[in-house]
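S.K.: predicted model follows, preceded by the sequence.
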Amino acid sequence: MPDFGAAHWYPQGPMRSGKPSPAGRFVQCQGCKKTLFATDFEANFKVCPYCSHHHRLNWSERIAYTFDEDSFQEMDADLVSSDPLAFPDYKPKHDAARSKTGMEDSVACGIARLIDMPVSVAVSDFHFMGGSMGSVAGEKVTRTLERGCDMRCPVIIFCASGGARMQEGLVSLMQMAKTTAAVERCRSHGIPYISVFTDPTMAGVLASYASVADVILAEPKALVGFAGARVSKQAQVVKAPDDFQQAEWVLRSGMLDRIVERRDMRSTLGELVRMLGAHLRQGAAVVA
Amino acid sequence: MAKSWREWMKELLHLEELITQMRATAARETDSHKAEELSQQIEAFEGRRKNIIKLIFSRLGAWEEVLLARADPRPYTLDYVNAIFTDFLELEGDRRFGTDHAIVAGPANLEGQPVMIVGHQKGRNLNERTFRNFAMAKPEGYRKAIRMFSMAERFRLPVVTFIDTPAADPGVESESRGISEAIAASMLSMFELTVPVVSVVIGEGGSGGAIGIAAANTVLMQEHAIYSVIPPEGCAAILWRDASKGNQAAAALKLTAKSALEMGLIDRILPEPEGGAYANPLEAAETVRAAITGSLQELSKMSPVKLKEHRYAKFRSMGVFSS
Ligand SMILES: [Zn+2]
C-alpha cells in the first residue's frame, strides 16, 4: 500500500479561518464552543479535536486540504452570471457575495492532481449565496464532468449547496437536467465520478448531479436532504429520527457509500481514483 | 389576492351555476311563453358570462396563471391520455418498494403506434387527492418511471410524459427512500434514451418533481400551465418572510409559458380554448394531440444516436452567463 500520508500532509499558505478571535490566535468551535488554538485548528483541517465538528470550508481551503500542493489549475473562473429574470435584489446580493468571497459564483472548477493522478475537480462554496446553483454553477459542474470525458480522467465534485438558485428561476431548474446529462456522458465514457456531500447538500443539487455519482462520500454529520427538515417533518406523521438528514442517517438509508473524516478524505479519494480510474491510466500508457 | 382558483372565479362560478339551474327549469317549463322568456334570460346571462371570461383572460398576471394552472376542473394527465391515446395499459410496479399513484405510467397507442406514457396525476376530490398524494410523487413514482423509460428504450417506443405536480413528496419516508436520488436517476435515464421523448407541461411544472420526468427532446407547454424552480409561496416566504406575497413572487419568477418560451427553455406553447383548457377539454386535447404527433414525427427523422445527442445539446445550451 503506497503511503498517501494524509497525516503527514498539511495545507500551505494563508487560509481564511472560521471565526478568529480578535487576536487571531484562538477560534471557538461551533460544535462544542470550546476555545481552540487557531494554528492547531488549521492543522487539524478545521475539525475540532474535542468534538470532531467539521467546520465549513471555503473552496480554496477544500482544494488545499485535498489535492497535491499547488497542483490545482482553476478554469472557467471568468464566467459571470447575468440576471436573466431581473429578479428583485439579485444583483446586490450577488455583488455582496462576490466581494465577500472573492469568487464570481458559487463553484470553482479546474484540473488538479491527487497523489500524482490527474483529476477534474469542482468545489461548491456555501459562503457564496448558500452555494446555490444558477447558470454559472451549472455550467461549471457540466464543464468539469465534460473535462473528465475529454481528458480521460476521474471527476471529483465537492457539494455544498442549499439547492437551485431561486433568483434565476426556471433557468436554474434546467441546470439540474444539464448537469445530470453530463453525468450520463461520464458513465457512457467510462469516467469514474465521485461526489462528496459536505455540509449542507440539499434540494436541487442533491436531486441532480450530486446523487448520481458512481461513489458518494460524505463528511460526518453533513446535512443532506431534499426538503428543509421542517417541511419534511410537517409533511408526514411519520416520526423523523433524531439524526434525520444527517450523513449518518443518509448512510443508513443507503443513499451514500461512506462517511469519511476530513483528515482521511485525501487518501480515500486517492484510493478510489487509483482503483476505479486504473483503466484510464493503462489506456494512457498504451497510447504513450 | 385570491388564494385559489375557486375564490378568484367565485362570481363566474356562481353565474354558471345560475345558468345551469335556469336551463333545467327551462327544460321543465310547459308554458311556451314563459319558456321563451327564460331562454332570453339565459341568453343574456350567457352573454354576461362570456364577457366576464373575456375580461378575466384579457388581463392575466403571473399569479392568475398560477391559479389557472392549479384549477381543479383543469384536465389532468389521464383526461388527456383517454382523449388522445387508445388502449392505455397502466403498469404500476417500481420493483423496489411499492406503487405510487402520483405518477401513472404504461404503454398506449397513438394513432395506431405504441408509445410509452409517464405522467403526474392529480385528483379532483378529497378522496382522489389523497389517493394521488396531490400528485406529489415519492421515490417509487420516479423508479417506476425509470422502468418505463428503459422498457421504451429496449422496445423502441417513443416516450410521452405529462407534467403536472406541485413538487415531489417532501416527507420523511420519501427522504429515507432517496427521493433526490430517484429524481436524479430518472432524469439520467431519460438522457440515456435513443428514442424520441416529448414532454407536455399541462398544469403545474413544480421544480425537481417536474424536471425529474421532463428531460425531453421536445418540451411543449400549455398556454396556462406554469413551470417554476420553486412554488411562488415558498419563494415569497424566503424573500419577504411572507408566504401570502405569492403574487409578487410569481411575477418575479417569470413562471408563465410565455416567459419560458422567451427564455428558450421550452419549444412551443399550446394555445388553450377561450376560458382555459377546462372550458373545452376536447378542444384542448385535440391541440395537445396534434402537437405530440407533430413533434414525434419531427423527431422520428433523427437517428437513435442523434436523438440522444439532440437531447444533450438542448439542455447543454441552457444557462445565461457571460465570460
Ligand atoms: Zn468542538
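M.R.: It's in.

S.K.: next one: the most centrally placed residue in chain B from residue B:169, what distance?
M.R.: Most central in chain B under C-alpha atoms, centre = their mean is residue B:202, positioned 2.2 Å from the mean C-alpha point. As judged by C-beta to C-beta, to the nearest Å, residue B:202 and residue B:169 stand 20 Å apart. In short, each C-beta sits where N, CA and C put it, glycine included.

S.K.: ok, residue B:92 next?
M.R.: Counting by C-beta to C-beta - residue B:92 and residue B:169 are separated by 17 Å.

S.K.: likewise for residue B:291?
M.R.: Applying C-beta to C-beta to residue B:291 and residue B:169 gives a distance of 29 Å.

S.K.: okay, and the residue of the stretch 201-323 of chain B found nearest the ion sits in which element?
M.R.: Proximity of the stretch 201-323 of chain B to the ion (C-beta to the ion) peaks at residue B:238, 30.4 Å away. Using DSSP states H and E, residue B:238 falls within helix B:232-240.

S.K.: show me what that helix is in contact with.
M.R.: Applying C-beta atoms under 8 Å, 6 or more residues apart in numbering or on different chains, the contact partners of helix B:232-240 are A:88-89, A:166, B:62-63, B:66, B:230, B:242-250, B:252-253, B:255.

S.K.: show me which of residue B:291 and residue B:169 is the more surrounded one.
M.R.: residue B:169 (26 against 21; other C-beta atoms under 10 Å in any protein chain shown).

S.K.: contact partners for the more buried one?
M.R.: Counted by C-beta under 8 Å, 6+ apart, residue B:169 has contacts A:235, B:102, B:133, B:136-138, B:179, B:209.

S.K.: try it again at 10 Å.
M.R.: By C-beta atoms under 10 Å, 6 or more residues apart in numbering or on different chains, the contact set of residue B:169 is A:226-227, A:232, A:235-236, B:100, B:102, B:133-141, B:175, B:179, B:209.

S.K.: which regions of chain A sit below the pLDDT cut-off?
M.R.: For chain A, residues meeting the criterion pLDDT under 70 lie at A:1-23, A:229-238, A:283-288.

S.K.: give me every residue in it lying close to the ion.
M.R.: Within chain A, the positions lying close to the ion (C-beta under 5 Å from the ion) are A:29, A:31-32, A:48, A:50-51, A:53.

S.K.: buried ones in the helix holding residue B:238?
M.R.: Buried residues in helix B:232-240, defined by neighbour count with 16 or more other C-beta atoms under 10 Å in any protein chain shown: B:232-237, B:239.

S.K.: quick one: mean pLDDT for it?
M.R.: On average, the pLDDT along helix B:232-240 is 91.

S.K.: next SSE downstream of that helix?
M.R.: Per DSSP H and E, the first helix or strand lying C-terminal to helix B:232-240 is helix B:246-253.

S.K.: what's that following helix packed up against?
M.R.: helix A:169-189, helix B:62-70, strand B:226-228, helix B:232-240 (3 or more C-beta pairs under 10 Å, 6 or more residues apart in numbering or on different chains; DSSP states H and E).

S.K.: for it, C-alpha coordinates in PDB please.
M.R.: C-alpha atoms of helix B:246-253 as PDB (Å, rounded to 0.1, in the frame of the first residue of the first chain):
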ATOM      1  CA  GLY B 246     -47.200  34.700  -3.700                       C
ATOM      2  CA  ASN B 247     -48.500  37.000  -6.400                       C
ATOM      3  CA  GLN B 248     -45.300  39.200  -6.200                       C
ATOM      4  CA  ALA B 249     -43.100  36.100  -6.200                       C
ATOM      5  CA  ALA B 250     -45.000  34.600  -9.200                       C
ATOM      6  CA  ALA B 251     -44.300  37.800 -11.200                       C
ATOM      7  CA  ALA B 252     -40.600  37.800 -10.200                       C
ATOM      8  CA  LEU B 253     -40.100  34.100 -11.000                       C
END
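
S.K.: distance from that helix to the middle of the chain?
M.R.: 20 Å (C-alpha atoms, centre = their mean, to the nearest Å).

S.K.: what about the spatially closest residue to residue A:186 that is not a sequence neighbour, how many residues close to it?
M.R.: Leaving aside its sequence neighbours, residue A:186 sits nearest to residue A:193 (C-beta to C-beta, 6 or more residues apart in numbering or on different chains; 4.8 Å). The tally of other residues near residue A:193 (other C-beta under 10 Å) stands at 25.

S.K.: equivalent analysis for residue B:259, please.
M.R.: Neighbours of residue B:259 (other C-beta under 10 Å): 21.

S.K.: likewise residue A:33?
M.R.: Counted with other C-beta under 10 Å, residues neighbouring residue A:33 total 11.

S.K.: what helix or strand is it on?
M.R.: Residue A:33 belongs to no helix or strand, assigned by DSSP H and E.

S.K.: mind checking how far the closest residue to the ion within the stretch 1-150 of chain B is from residue B:102?
M.R.: The ion sits closest to residue B:139 of the stretch 1-150 of chain B, with a gap of 35.2 Å, by C-beta to the ion. According to C-beta to C-beta, residue B:139 and residue B:102 sit 11 Å apart.

S.K.: name the residue in the two with the higher neighbour count.
M.R.: A direct count of neighbours by other C-beta under 10 Å for residue B:139 and residue B:102 places residue B:139 higher, at 29 against 24.

S.K.: which residue packs closest to the more buried one, ignoring adjacent ones?
M.R.: The shortest distance from residue B:139 to any non-neighbouring residue, by C-beta to C-beta, 6+ apart, is to residue B:182 (3.8 Å).

S.K.: burial measure for that neighbour, as a count.
M.R.: With other C-beta under 10 Å as criterion, residue B:182 counts 30.

S.K.: I'd say it and residue B:176 touch.
M.R.: No: Residue B:182 lies out of contact with residue B:176 (C-beta atoms under 10 Å); the separation is 11.8 Å.

S.K.: need the overlap of contacts for those two.
M.R.: With C-beta under 10 Å, 6+ apart, residue B:182 and residue B:176 have common neighbours A:255, B:139.

S.K.: if we can go back for a sec, redo the residues of chain A next to the ion as CSV? Include distance to residue A:278.
M.R.: Putting the residues of chain A next to the ion into CSV (distance: C-beta to C-beta, whole Å) gives the following:
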residue, distance to residue A:278
A:29, 40
A:31, 38
A:32, 42
A:48, 36
A:50, 40
A:51, 38
A:53, 36
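
S.K.: element containing the residue of chain B found nearest the ion, please.
M.R.: Scanning chain B for proximity to the ion using C-beta to the ion identifies residue B:175 as nearest, at 27.3 Å. Residue B:175 belongs to helix B:172-176 when assigned by DSSP H and E.

S.K.: buried sites along that helix?
M.R.: B:172-176.

S.K.: kindly report the same for stretch B:283-303.
M.R.: Counting neighbours by 16+ other C-beta under 10 Å, stretch B:283-303 gives B:284-285, B:287-289, B:291-292, B:295-296, B:299 as buried.

S.K.: same thing with stretch B:43-56?
M.R.: The neighbour-count check on stretch B:43-56 (16+ other C-beta under 10 Å) flags B:45, B:49, B:52-53, B:56 as buried.

S.K.: of those, closest to residue A:64?
M.R.: Of all those, residue A:64 sits closest to residue B:56, with 59.7 Å by C-beta to C-beta.

S.K.: now the helices for chain A?
M.R.: Under the criterion DSSP state H, chain A contains helices at A:38-43, A:59-66, A:90-101, A:135-151, A:169-189, A:203-206, A:229-235, A:247-252, A:262-276, A:278-287.

S.K.: excluding its backbone neighbours, what's nearest the residue in the stretch 51-200 of chain A positioned nearest to the ion?
M.R.: Of all residues in the stretch 51-200 of chain A, the one sitting closest to the ion is residue A:51 (3.3 Å; C-beta to the ion). Leaving out its chain neighbours, the residue that sits closest to residue A:51 by C-beta to C-beta, 6+ apart is residue A:32, at 3.9 Å.
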